[in-house]
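*Asks:* this one's structure only:
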């Protein structure tokens, strides 16, 4: 099925460990996004990529890095995980062009626990 | 970015029509209004989008008054499976500008 695929679905890290969350979309979308969602709260934007080759910080970028590997793939890296980064991470994509705001398509999320 | 205000929670019964209102007083001329639905342990799902007046699709209707400072998502004849969090977002994609998700409205449909 077409859409946004995230891996892994679950991960437990020890404080200080590093890891990369992978995201790929097959809808030929230009823009991709990484959000985090803490329990009982809305989504907060970490980083986004308006188009291949560009990335920008969102609302909560500290402790994260991203790479827009190609048009399909956008990865999120935690260099030194901290308990405060325990959250559910969602990747999303959109066409990102034109005057009309097009709907975002979200992945199913990665549930990350840092102990 | 235009800020939005929604009720934190709403309860309804199966078969009723549910209206969730969102306030966005500082909406900009180029901004569209978009609603998303999120079930537990899933990513948000696009429901409906509009600019002015009324938009209807197979899932919901969106009512936007002339001043565009608010909008109302209408869900006809809800069922238990409509229990979810509903987010109202305001923004444009002229430059792939990011959207801000608030805390949303937790809709609980009771039998």
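*Replies:* Nice, thanks for sending it over. Values in this document were obtained by computation on a predicted structure and should not be read as measured data. Numbers count the residues shown, from 1 in each chain, chains lettered A, B, ... in the order given.

*Asks:* what sits against residue 73?
*Replies:* You didn't say which chain, so I picked chain A. Counting by CB atoms under 8 Å, 6 or more residues apart in numbering or on different chains, residue A:73 makes contact with A:22-24. To be clear about C-beta, it is placed using only N, CA and C from the backbone, and glycine gets the same treatment.

*Asks:* let me rephrase: I mean chain B.
*Replies:* B:19-22, B:35, B:47-48, B:60-62, B:86, B:88.

*Asks:* regarding stretch B:74-86, how distant is the last residue from the first?
*Replies:* 11 Å (CA to CA, to the nearest Å).

*Asks:* report the buried residues of it.
*Replies:* Using 16 or more other CB atoms under 10 Å in any protein chain shown as the test for burial, stretch B:74-86 gives B:74-75, B:78, B:82-86.

*Asks:* for chain B, give me the ranges with low pLDDT.
*Replies:* In the predicted model of chain B, residues B:1-2, B:93-99 satisfy pLDDT under 70.

*Asks:* try 80
*Replies:* B:1-2, B:91-102 (pLDDT under 80).

*Asks:* surely residue B:32 and residue B:49 touch.
*Replies:* Yes: counting by CB atoms under 8 Å, residue B:32 touches residue B:49, with 5.6 Å between them.

*Asks:* any idea what residue A:31 is bridged to?
*Replies:* Bridge pairing for residue A:31 (DSSP bridges) gives the partners residue A:94.

*Asks:* correct me if wrong: it contacts residue A:48.
*Replies:* Yes: under the contact definition of CB under 8 Å, residue A:31 touches residue A:48, with a separation of 6.7 Å.

*Asks:* where does the most centrally placed residue in chain A fall, secondary structure wise?
*Replies:* Taking CA atoms, centre = their mean, the centroid of chain A lies closest to residue A:34, which sits 2.5 Å from it. Counting by DSSP states H and E, the element that carries residue A:34 is strand A:31-37.

*Asks:* can you get me a residue count around the closest residue to residue B:5 other than its chain neighbours?
*Replies:* In this structure, residue B:5 finds its nearest non-sequential neighbour in residue B:23, 4.3 Å apart by CB to CB, 6 or more residues apart in numbering or on different chains. Using other CB atoms under 10 Å in any protein chain shown, residue B:23 has 14 neighbouring residues.

*Asks:* so what's residue B:23 up against?
*Replies:* Residues in contact with residue B:23 (CB under 8 Å, 6+ apart) are B:4-6, B:69-70.

*Asks:* what's the local residue count around residue 111?
*Replies:* I'll assume chain A. By other CB under 10 Å, the residues close to residue A:111 number 16.

*Asks:* my question was about chain B, not that one.
*Replies:* With other CB under 10 Å as criterion, residue B:111 counts 6.

*Asks:* quick one, what contacts the closest residue to it other than its chain neighbours?
*Replies:* Distances taken as CB to CB, 6+ apart place residue B:14 nearest to residue B:111, at 5.8 Å, with adjacent residues excluded. Residue B:14 makes contact with B:78-80, B:109-111, according to CB under 8 Å, 6+ apart.
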